[in-house]
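1. build me a structure from this.
(chains A, B, C and D)
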There are 4 protein chains.
Amino acid sequence: MSHNTFGKLFRFTTWGESHGAAIGCVVDGCPPMIPLNEKDIQKYLDMRKPGTSRFVTQRKEDDEVSILSGVFEGKTTGTPILLLIWNKDQKSKDYSEIRNKFRPGHADITYFLKYGIRDYRGGGRSSARETASRVAAGAVARKVIDHISKKKILIQGAVTQIGKMSINPRHFNWNEVSKNSFFCPDKKIISTWEEYLDLTRKNGTSLGAKILVNAKNVPSGLGEPIYGKLDAELASAMMSINAVKGVEIGLGNEAIEISGDENSDEIRVKNKKISFSSNNSGGILGGISSGQDINISIAVKPTSSILKTKKTINNKLKNTTISTKGRHDPCVGLRAVPIAEAMTACVLADHIMRNKAQCG
Amino acid sequence: MSHNTFGKLFRFTTWGESHGAAIGCVVDGCPPMIPLNEKDIQKYLDMRKPGTSRFVTQRKEDDEVSILSGVFEGKTTGTPILLLIWNKDQKSKDYSEIRNKFRPGHADITYFLKYGIRDYRGGGRSSARETASRVAAGAVARKVIDHISKKKILIQGAVTQIGKMSINPRHFNWNEVSKNSFFCPDKKIISTWEEYLDLTRKNGTSLGAKILVNAKNVPSGLGEPIYGKLDAELASAMMSINAVKGVEIGLGNEAIEISGDENSDEIRVKNKKISFSSNNSGGILGGISSGQDINISIAVKPTSSILKTKKTINNKLKNTTISTKGRHDPCVGLRAVPIAEAMTACVLADHIMRNKAQCG
Amino acid sequence: MSHNTFGKLFRFTTWGESHGAAIGCVVDGCPPMIPLNEKDIQKYLDMRKPGTSRFVTQRKEDDEVSILSGVFEGKTTGTPILLLIWNKDQKSKDYSEIRNKFRPGHADITYFLKYGIRDYRGGGRSSARETASRVAAGAVARKVIDHISKKKILIQGAVTQIGKMSINPRHFNWNEVSKNSFFCPDKKIISTWEEYLDLTRKNGTSLGAKILVNAKNVPSGLGEPIYGKLDAELASAMMSINAVKGVEIGLGNEAIEISGDENSDEIRVKNKKISFSSNNSGGILGGISSGQDINISIAVKPTSSILKTKKTINNKLKNTTISTKGRHDPCVGLRAVPIAEAMTACVLADHIMRNKAQCG
Amino acid sequence: MSHNTFGKLFRFTTWGESHGAAIGCVVDGCPPMIPLNEKDIQKYLDMRKPGTSRFVTQRKEDDEVSILSGVFEGKTTGTPILLLIWNKDQKSKDYSEIRNKFRPGHADITYFLKYGIRDYRGGGRSSARETASRVAAGAVARKVIDHISKKKILIQGAVTQIGKMSINPRHFNWNEVSKNSFFCPDKKIISTWEEYLDLTRKNGTSLGAKILVNAKNVPSGLGEPIYGKLDAELASAMMSINAVKGVEIGLGNEAIEISGDENSDEIRVKNKKISFSSNNSGGILGGISSGQDINISIAVKPTSSILKTKKTINNKLKNTTISTKGRHDPCVGLRAVPIAEAMTACVLADHIMRNKAQCG
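-> So this is what the prediction gives:
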């Protein structure tokens, strides 16, 4: 896991800048003989596509993926799969505002400090546009998981909090998630969130979000202690997503506040099947999956690009101010759901293969 | 980063089980010509050593480290450094209770499910004893950092919460941390914590903790987007520590609840030096260090080994119960401070070298 | 170094099949601020281009490279560089002969045995067409080397033997290499080689070749013992080239037949500069460059696709015969020169960066 | 594969210097439940042990290996295996001759140029003593191979040439190899070799050797094109052995001199079993094993430490001379056989696991 490659046996390398010619990735290590075509990938890209509501940017991203290698007569061949998405939205924009100024909260300044050069067009490499490549790789990962696993592994994500407004856990219903543009599992909070976001946008500011990713039917035994632990690699995967500032497994921070007695997931056997009295651990013990559901929560900070004027400097190191006009999501967290799902799929595909190699 | 190796250019591989013959690690990639001897390492192992108060286990761990290779005439030679610690506390114990039973909340069951075999003595490989090797590697990492960096990088950790009891942030004082056995920066809360832990132990249960790690004088430019981001690798490092269930960078989860306006770290220049109005980002933007302090928080779950009787199964897959007698920390989080510091040092040493290679 | 990625800090991942939509590579880890455009790469691709004489295949490969990412305003940005070459020569050919039959000496059968599927069109992934991506990556590597190195490192290759016909070492002249289509440094042997190859082709068969790669001005200190030795990684790089069956460093096999006394490269100092009485070691001692020229020889087997009918089997595991018609090089070794140079450039760029990280 | 770690899934990291406290390695990724004890490893170390004839050095190396981790109740547990060999032969020697002088043909000078420091005692890290760790790792690799493979894979090595004296291929008999101290498969040449080596030693010089390693019953499908090819990784493994200057697969260099027609290994099927008319390819096509025997040859240069006085420089960069007294093998190649076998075993174990992960 380094630079632009993620994963060890199932791995992908992404490339491309927000407003360059194209973006994409190479998926390497994929097992052969798995049926795969563009549609398998496109459907996940479409889920991520902006423009589905007034709360996500109106950028016209068709995000049409092409498979340029690694698939022959409809099946993977075991060779690297090149996925390519042309950037159609490259129109020569007015970059005068961000060309020479560093947007607070963005990577503009750190890319400049590290590399001495940055592609300022739409954030260049640091733009969340890169995550389209992850979603594409994640679609392949899901095919790999389905191909290898005995049981259908189900990976799903939901937004459980926007700003200060959390869902009511008792209303949690996975079936609701696909029915609204917030990936929200609690239908009763939707109208509140709509007003909240409208108000936030009117105020020229933005809100953070909390995302839950859940994976069902994950086999036990995934994860390579001590430094390839499943939770550690999921944490790395999640923290690599733009704007993510926190990752929790199972109860996460809440576990601090309860006693060891309450936190204990007791173990039982019934009909030779192992079960647990609770799942505070989030399905991972000692870095290895236990067979319970895997639950990961991530904290996404509020969108950094806001209409309100903020102090900053330019690349001549002079003080100035900036106000980000144009399309911007009042809550980028809403966009993170399919990405977090995709990263989870990639980690699981990789670990299924790794476990097969050592313990299969 | 995989299996038992951590890091890419500065990397270490740990080995050893809790009650095996010895534990240790190989540190590979260390630059040459750095003065290094056992004392440099021993002082950090002594910080980690149990038995310093009644709140940490009384195991007599001398944890005396030997350097078996890679150092010649008092200096590193650029070749691998083998650090070895004999396990002196290997007395033939009565393992009858844990030999055949899986302790809830421990990795006993997942190691068994994955490998079909486990060294049950004291948790074997999954024991926190492994972290002594990390502390040793971290001591070498600190020497590397000092050797390469212009400015002295200071890495320090503190416990900011035990169970439901948080410190008062306004009383935070780094100088207090080394003066008590809780790594506590708020001297006013110490007596409260003492009573709280005493009571917890009396009740046969345990508490979780929150740890803050802070690194000062970290140069800007560390981190390799997109999949070698500094925050992602710190998250992985922290999540790999026993009992850690959450990792936050900067404001972390709190960032969800404030507006983008409030969260914005505005940028200023004064005397050609870049500064920020706040450090909500925790010193990392887009996966690259900004030059601000790096702040990481971790959530440690309550100790899983508790006196209270809990339901579990044995390795014949029969239902039974377990109660963990003997020495046990009522709050393992207290032990995590030097380990979290060590992992931070290792990540920074690695990234300083990686940045030097590409951008130096 | 694994699967489709080569290198550690300067690394590239190739993708694409001979008759798929496109081939290319992602170059990752490239330092920023290096001027780079398509022409820098195109000139090396043109050197490799088939069709320059009657001894190399007449395939119309334009091999026009596009840079799709990682370069901004004419300079590298430190982000991944995607190089893409469309396959223009994809006309629907008659593959009936090779579709179901395994060509002896080719990877047809081993890909089938490993993956259970193979892209039979032109050899698919196992085709030497993949090497165009290496040449492209090698062009970037040369820019990196020039950017970092104090002295201009010169990497050049030559064919020193075809079949049983070796050049006369006393006639060796690097200036001749670019003047003929054999990369031959001995102009007196060219007409002999022409006749020899004509005759070979008339006989429906083919010949092997020996290639020498020489690198001048390589700094001392490159190479990471014990398992990242410079010679070991060069050997791996060379052996990964299609049809290569042997790699030698310096005297190579000849060193077996002389005494330790004769083989000894004595060391001298003059004007504080270290020199050696000879270079039998090929510029590498203990896996680390000594500052002398690096010399590597590779043995390329005769082209496996020949007109003569050979026994083989088909994918129904029935016995049959095959005769490869159509364009084919009577000596593929001639094509290996720019590829071997490119791989050498990539290994050197990688090791220059690796050495900088640890010892710079 | 980098620095001091070899392999990807089955991998080992060696550490230790020739005259340091100890040498050894960590074997990581080993599957669980494999019976393993010190004797399994010791028998291969004993094969490598010097002092078995007057043609190998009389150093009293007991090379007694201890397993410090990763094995529990006689079986591997899937956790890292630490193998340790104390250096018993550390007596304070007179190093005055090599302390300040660089021995020609040795890595003394390149370690010094790279690291600015070197452990001069017996060559330090660059000594062939490191290979004892490889032999130990190789013993574990053999256990892994036996555990996973259906058919018993047999890996054996032989010396086929010393100086200018080659064996007669028609007398080749594997059964002879273990009966003499030359690992010689041709019993008729032994007395000649004895005289040849005696004479060479009398002359104060040394001889090179050629080694053949053969692996039988290797399954087809091992190897990961394009940059994890089986032959490329074997080449890297072999070239990493001290004093090796050439590696050939199958016919190797000889393939240059025969026609494509002669070189063709024709394919046949009989009783649904695939066979080949010859094995010029050495069992590998396109980087993937074909199911035929794997044959690798390596060229070992003559011992660099010779009695004859040679010109060199000291570490003050002054010209001087050196003559290496004391025990030295007249032909280090003889020592390379168990090491080359061990490296082959490690590469095969690694690739068996890698193939299982992707295609199993």
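
2. can you name the residue of the stretch 101-250 of chain A nearest to chain D?
-> Closest contact between the stretch 101-250 of chain A and chain D, by Cβ to the nearest Cβ, is at A:Pro225 (7.7 Å). Backbone N, C-alpha and C define where each C-beta goes, glycine included.

3. that residue: neighbour count?
-> 24 (other Cβ atoms under 10 Å in any protein chain shown).

4. with A:Lys187 instead?
-> A:Lys187: 15 surrounding residues under other Cβ under 10 Å.

5. how far does the least confident helix or strand in chain A by mean pLDDT sit from its chain's centre?
-> The helix or strand of chain A with the lowest confidence, counting by mean pLDDT, DSSP states H and E, is helix A:96-99 at a mean of 83. Relative to its chain's centre, helix A:96-99 lies at 28 Å (Cα atoms, centre = their mean, to the nearest Å).

6. and for stretch A:255-275?
-> Relative to its chain's centre, stretch A:255-275 lies at 29 Å (Cα atoms, centre = their mean).

7. quick one: average pLDDT of it?
-> Averaging pLDDT along stretch A:255-275 yields 96.

8. for that stretch, buried residues please.
-> A:255-261, A:263-267, A:269, A:274 (16 or more other Cβ atoms under 10 Å in any protein chain shown).

9. ok, that stretch near chain B or not?
-> Yes - using Cβ under 8 Å from any Cβ of the partner chain, stretch A:255-275 reaches chain B at A:255-261, A:263-269, A:272, A:274.

10. from chain B, how far out is A:Leu84?
-> Taking Cβ to the nearest Cβ, to the nearest Å as the measure, A:Leu84 falls 17 Å from chain B.

11. ugh, wrong one, I meant A:Glu130
-> 6 Å.

12. check what pLDDT that residue gets.
-> 97.

13. was I right about it contacting A:Ile23?
-> Yes - when contacts are counted by Cβ atoms under 8 Å, A:Glu130 is listed as touching A:Ile23 (6.6 Å).

14. mind checking how far stretch A:142-157 is from the chain centre?
-> 17 Å.

15. now do the end-to-end distance for that stretch.
-> Using Cα to Cα, to the nearest Å, one end of stretch A:142-157 lies 14 Å from the other.

16. and that stretch, does that touch chain D?
-> No - residues of stretch A:142-157 contacting chain D under Cβ under 8 Å from any Cβ: none, with a closest distance of 9.9 Å.

17. what residues does that stretch touch?
-> For stretch A:142-157, contacts defined as Cβ atoms under 8 Å, 6 or more residues apart in numbering or on different chains pick out A:10, A:30-31, A:33-36, A:40, A:44, A:174, A:177, A:183, A:211-219, A:337-338, A:340-341, A:344-345, A:348-349, A:352-353, A:356.

18. so how far is the one helix or strand A:Ala158 maps to from its chain's centroid?
-> Under the criterion of DSSP states H and E, A:Ala158 resides in strand A:154-162. Chain-centre distance of strand A:154-162: 11 Å, with Cα atoms, centre = their mean.

19. so in that sheet, which strands flank that strand, and in what orientation?
-> The pairing partners recorded for strand A:154-162 under DSSP bridges are strand A:165-166 (antiparallel), strand A:209-216 (antiparallel).

20. please spell out which residues along the last one are buried.
-> So the one you mean is strand A:209-216. A:209-215.

21. how about the stretch 201-350 of chain A: which residue is closest to chain B?
-> Residue nearest to chain B within the stretch 201-350 of chain A: A:Gly286 (2.3 Å; Cβ to the nearest Cβ).

22. tell me the contacts of that residue?
-> A:223, A:225, A:229, B:106-107, B:110-111, B:126, B:242.

23. likewise A:Thr77?
-> A:32, A:70-71, C:115, C:117-119, C:124-125.

24. the closest residue to A:Arg99 other than its chain neighbours: neighbour count?
-> Among residues not flanking A:Arg99 along the chain, A:Tyr120 sits closest, at 4.9 Å (Cβ to Cβ, 6 or more residues apart in numbering or on different chains). Neighbourhood size, A:Tyr120 [other Cβ under 10 Å]: 23.

25. report all helices and strands that the least confident helix or strand of chain A contacts.
-> With contacts defined as 3 or more Cβ pairs under 8 Å, 6 or more residues apart in numbering or on different chains; DSSP states H and E, helix A:96-99 has no packing partner among the helices and strands.
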